[in-house]
Each structure stands twice: as structure tokens, then as C-alpha cells.
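Curious how this folds, go ahead:
(chains A and B)
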Amino acid sequence: MAELFAIDDAPIDTGRLLAAVGDPAAGASVLFLGTTRNENAGRRVTRLEYEAFATMAVREMRTLARQARRRWPIRRVAMVHRVGVVPVGEASVGIAVSAGHRAEAFEACHWLIDRLKELVPIWKKEHYRGGTVWIGAQQGGPPAPRRRARRTG
Amino acid sequence: MRVHLRFFASLRELVGPEERRTVAAGTTAGALWDAVVRRTPAAGKVQVRIAVNERYVDASQELSDGDEVAFFPPVSGG
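Numbering: from 1, shown residues only, chains lettered A, B, ... in the order given. Down below sits the predicted model:
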């Protein structure tokens, strides 16, 4: 199975991610999906829009996968990030990791999504009820609308 | 020497997607950014990251002829 590190405007194909980490020596495959949540910092999110520096992003993904393979005895890694509009409920990022045993697959996958969010040149613009904002481009973000009283129980 | 500047996300909206500039030998990535901010002061509010030929660099990195210099705000993928 060919390796898979990609920036793509199509919906994320989880079967393809899992197939890309298929390995007869693997006893575990972990799949992480990040999905568009309907709220952020008190704002009602209607959709996210992603932009990437695609060639550098894929290069950074490969570097992270190499680093993960040095840190944990894992078999294979696949990473895909979607660009363009990602509606609420759909996946913007998918990471699959296979390993001989589950512990290292979980740990490496967790580490990979954390590093991706810090290092891979991708940006999200949040479209919320009442406006848009680039996430990460400003300290603190726009003022959140006042929260409704928290429901009890 | 000639360098190719690229801007992404909020910076792209402020400055435009790309431009080509002629700069003096020895110009650093940070000095090039300062020149961008002089022309578009609003860009100065962005906590910029710089990549030369698709690798992160410090502002002190000296540029070479033909370099592609990318400027972008803090990343927010995921």
C-alpha cells in the first residue's frame, strides 16, 4: 500500500487512511479524526474554512511521521488534512497509526495531532453567526457573545 | 538578488498572495519582513513565522538569490 500524506479538498476517506497503514506486523491501528464543532469560545460556528501551504505542509507531515517512528516502535503513519470549506460534523484532519501493540499507536497518534496543530502550515477561518475570524492570527480572538445561563442537571 | 515572497491566511488578505522583490545581498528574512510591514503597517500586528524554501527559519537567516520566502501567522490546522 502506497504511503499517504496529503492536503486535499475532498472529504476525508477513512478507509484509505486505514489501508495506508495496513501492515501484517501490526496488532493495532488507531485512527484520529478532527471534526468541525458547532461552537468555539462561545460562538455558534457554522463552518470552518481551511487554507494550507500545501507543499510545505506535506513536507512537515512526513518529518513528523519520521520523528514519531524514532520515538515509538510503530509501523506506519498516514496523515491527511482537508482544505476549503468543512461543514459542521465533517472531518478536517485524519491521522492513522499502526503498531505492533495499541499503547504506542495511541501515544504516537496523540503526539502527531498535537505537533500538527503546532507546526504544519495550515490555517482555519471560522465562520460563525455574526462574522468570520482567522484562528491563531490574533491574541485572544474576537469578543465572545455572552454565554447563556448554564443549564443545570 | 531576486526573492519570491508568499503570504498565507490573514497575511494573504492584508498583503496579497505573492510578490517578487530585488534585495541586497546579505538581506535577512527579518529585514525583508520589516520592509513588508513598512508598506503594510497592519501586517505588523501579526506574530509572523517565516519559512525559506519550505523550512522554518529565524529572522536572522540570510537570504540567497532565488529563495522563496513564506510569511504566515501562527498555524491553526486540526
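
next one: the longest helix along chain B to chain centre, how far?
Taking DSSP state H as the assignment, the helix of chain B that covers the most residues is helix B:29-39. Here helix B:29-39 is found 7 Å from its chain centre; the criterion is Cα atoms, centre = their mean, to the nearest Å.

for it, packing partners?
Using 3 or more Cβ pairs under 8 Å, 6 or more residues apart in numbering or on different chains; DSSP states H and E as the contact criterion, the neighbours of helix B:29-39 among helices and strands are strand B:2-7, strand B:49-52, strand B:68-72. All C-beta spots, glycine's among them, are computed from the backbone N, C-alpha and C.

now with 7 Å?
Other elements packing on helix B:29-39 under the criterion 3 or more Cβ pairs under 7 Å, 6 or more residues apart in numbering or on different chains; DSSP states H and E are strand B:49-52, strand B:68-72.

and the closest residue to residue B:51 other than its chain neighbours, how many neighbours does it have?
Computed as Cβ to Cβ, 6 or more residues apart in numbering or on different chains, the closest residue to residue B:51 that is not its neighbour in sequence is residue B:70, at 4.4 Å. As a burial measure, the neighbour count of residue B:70 was computed by other Cβ atoms under 10 Å in any protein chain shown and equals 24.

Okay, and the beta partners of residue A:85?
Listed by DSSP bridges, the beta-bridge partners for residue A:85 are residue A:49.

Hmm, it is touching residue A:51, no?
No - taking contact to mean Cβ atoms under 7 Å, the distance of 11.0 Å between residue A:85 and residue A:51 leaves them out of contact.

Between the two, which is the more surrounded one?
Set side by side, residue A:85 and residue A:51 show more neighbours around residue A:51, with 21 against 14, by other Cβ under 10 Å.
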